[in-house]
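Visitor: Let me see the structure of the following:
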Amino acid sequence: MACMRLSWLMLAGLLAGCAGKSVSQSPQEPTPVFELPPLPGPPEARPSAVTLAEAKAALAAGDPARAVAVYARLLAEVPQGGADQTLREAYPGFARALEQIGDYPAAVRMYTAYLQRFPNADNRAEILARRGACQAEVGEWSASAASFAEARKAGQMLASVQVEMLAREGYALHEAGDDKAARERLGEADAIFRKAQEDQSERFSNYYFVGMARFYLAASYHRAFRNIELKLPEAQMEKDLARKLELLQKAQEAYNECVEARHIYWVSAAGFQLGSLFEEFYDALMHAPVPDWLDENQRTIYYEELKKQARPVVTKAIWVFEQNLEVARKLGYENAFTEQTQERLTSLQAILLAGDATWGRPDPRLVPREGPSPAQQDVSASDRKLFVPEPTYL
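Guide: Next comes the predicted model:
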């Protein structure tokens, strides 16, 4: 029963520390150069030439499909060996139009073609960042991280832009499964923000990417916490529990830092995940293996005592979820995180209301793993900056 005693002691220490708190992938292959097919027929039989102004006007008018068609004709008609100024403007414009119709692979190829043709372009950092954003849209995480890393080295940037580049790169590394590198980039983003605040060298227009960097730093600890299973023998279970509690504490502190960034989208995301963190800890305790030498009566006593000790964990999760919903309601904000927060809150309240009826056996797992997380689901248009920035943002 040493493991049981250790559980109570560690649990008591954790809850005391919680009081008063607020809420690999393999390398990508090089992207091929985007090549346009030649127009059919002799020159005299082709339609009259289109102009760069027509293509830019179609894009500015919010008609990306027409812009794609005009840019394609324009690039097919412009001699590839000359007219550099036209090509210098047409390549990025074509890529932007492709982004807007959702053809991200083609946009990546077009941005790559531009970078190959104009390696010393003044807007190299922006083009690299836009390519990294499109690569993220199609899940090319390693390639996306590499694009943002190259963008950071392409020229001098304001602190806010550095934070954005690092947040995006760290997110891509996190999705690629490289938590060590992700934590380094995300931590660097936060350090740059804090220094800018201390020096008063730049006033950030918003804290979106500050919140993003802090959220995924917390998420890396959360994932490591989740991956630790409590296993017998009891000596091993003690080590597993100690490590799980250590990572829980790190994740909790990092999510609280995300809340302090005060961007409502990431506040709701952090609140949801913080509540889930306590759910998962309760889940891990209730479904940990029981020593074989316990008889049926001893097992019943074991679960009764474990539930009594673990009940504050459920209470803590409920409190976090309630606080998350209260903040969202005050600000009139709803997204996938607030919707799932309400679902989880209802589930946890049902656990407490069940009372003695469920004692003596473990509850069903509280945190299902099927389906995408809210961060991977569609979000409102105002949150789409997560991957593809607005034209004037970089």
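
Visitor: What segments of the stretch 151-300 of the chain are helices?
Guide: Ranges of helices within the stretch 151-300 of the chain are 159-176, 179-199, 208-227, 234-260, 264-286, 296-331, based on DSSP state H, counting those that start in this stretch.

Visitor: so which of those comes closest to Ala76?
Guide: Of all the helices of the stretch 151-300 of the chain, it is helix 159-176 that lies closest to Ala76, at 33.0 Å by CB to CB. In this view, the C-beta of every residue, glycine as well, is placed from N, C-alpha and C.

Visitor: Now do the closest one against helix 179-199, angle only.
Guide: Interaxial angle, helix 159-176 versus helix 179-199 (axes from the mean of the first three to the mean of the last three CA atoms, to 10 degrees): 160 degrees.

Visitor: so what does helix 159-176 touch, helix or strand wise?
Guide: The contact analysis (3 or more CB pairs under 8 Å, 6 or more residues apart in numbering; DSSP states H and E) places helix 159-176 against helix 124-137, helix 141-152, helix 179-199, helix 208-227.

Visitor: hey, which helix or strand in the protein has the poorest pLDDT?
Guide: helix 2-18 (a mean of 39; mean pLDDT, DSSP states H and E).

Visitor: what is the rounded mean pLDDT of whichever helix or strand comes after it?
Guide: Downstream of helix 2-18, the first helix or strand assigned by DSSP states H and E is helix 52-60. For helix 52-60, the mean per-residue pLDDT is 93.

Visitor: try stretch 66-80
Guide: Rounded mean pLDDT across stretch 66-80 is 86.

Visitor: same thing with stretch 104-118?
Guide: Stretch 104-118 comes out at a mean pLDDT of 95.

Visitor: Run the chain-centre distance for that stretch.
Guide: Averaging C-alpha positions (CA atoms, centre = their mean, to the nearest Å) puts stretch 104-118 25 Å from its chain's average.

Visitor: and if you look at stretch 287-302?
Guide: Counting by CA atoms, centre = their mean, stretch 287-302 comes out at 40 Å from the chain centroid.

Visitor: For it, measure first residue to last.
Guide: 12 Å (CA to CA, to the nearest Å).

Visitor: Name the residues of that stretch that are buried.
Guide: 288, 290-291, 302 (16 or more other CB atoms under 10 Å).

Visitor: okay if I get the residues you listed as CSV plus distance to Val161 and pLDDT?
Guide: CSV is the format used below for these (distance: CB to CB, whole Å; pLDDT from 0 to 100):
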residue, distance to Val161, pLDDT
Ala288, 46, 87
Val290, 54, 85
Pro291, 56, 81
Tyr302, 55, 80
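
Visitor: Looking at these, spot the one nearest Val320.
Guide: Nearest member of the buried residues of stretch 287-302 to Val320, counting by CB to CB, is Ala288, at 22.7 Å.
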